[in-house]
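Undergrad: Coordinates only, no sequence provided:
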């Protein structure tokens, strides 16, 4: 929760700095589009991480990465259908 608050605060500060008028340099439309895209990306990544953590806490199996399925109930992960101690340690 603290990471999410920090992430959102940082994003808000970046956005405020970008849209605030500055005497030396104003953002071009292209720079504004890039900044908006970055903020949307941050929001999406934050939401995906939240959903993944909810699944992990709820005990539902989830996909940690391509070809990696993790099962929180038994605290094990499988890569290409084979038990993976590396992924298990990483996730749990």
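TA: Nice, thanks for sending it over. This is a predicted model, so every value here is computed, not measured. Numbering: from 1, shown residues only.

Undergrad: would you say residue 77 is within a strand?
TA: Yes: the assignment for residue 77 by DSSP: H, G, I helix; E, B strand; the rest coil puts it in a strand.

Undergrad: can I assume it is in contact with residue 70?
TA: Yes: judged on CB atoms under 8 Å, residue 77 makes contact with residue 70 at a distance of 4.1 Å. (Glycine included, C-beta is placed from N, CA and C.)

Undergrad: intersection of neighbour lists for these two?
TA: Residues touching both residue 77 and residue 70 (CB atoms under 8 Å, 6 or more residues apart in numbering) are 64, 87, 88, 91, 92.

Undergrad: Is it possible to mark the buried ones in those?
TA: Buried members of the shared contacts of residue 77 and residue 70, scored by 16 or more other CB atoms under 10 Å, are 64, 87, 88, 91.

Undergrad: do you know how far the second one is from residue 77?
TA: This points to residue 87. Using CB to CB, to the nearest Å, residue 87 is found at 4 Å from residue 77.

Undergrad: and residue 60, what does it touch?
TA: Residue 60 touches residue 72, counting by CB under 8 Å, 6+ apart.

Undergrad: and it, what are its phi and psi?
TA: The phi/psi pair for residue 60 (degrees, to the nearest 10) reads phi -80, psi 140.

Undergrad: so which two of the buried ones among the shared contacts of residue 77 and residue 70 are the farthest from each other?
TA: Maximum pairwise distance among those (CB to CB): 9.8 Å, between 64 and 88.

Undergrad: returning to what we had before: who touches both of residue 87 and residue 77?
TA: Joint contacts of residue 87 and residue 77 (CB under 8 Å, 6+ apart) are 64, 68, 70.

Undergrad: Export the residues you listed as TSV, with columns for secondary structure.
TA: Listed next are these as TSV, based on three-state DSSP:
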residue	secondary structure
64	strand
68	strand
70	strand
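
Undergrad: from those, which is closest to residue 39?
TA: Distance to residue 39, by CB to CB, is smallest for residue 64 among the shared contacts of residue 87 and residue 77, at 26.0 Å.
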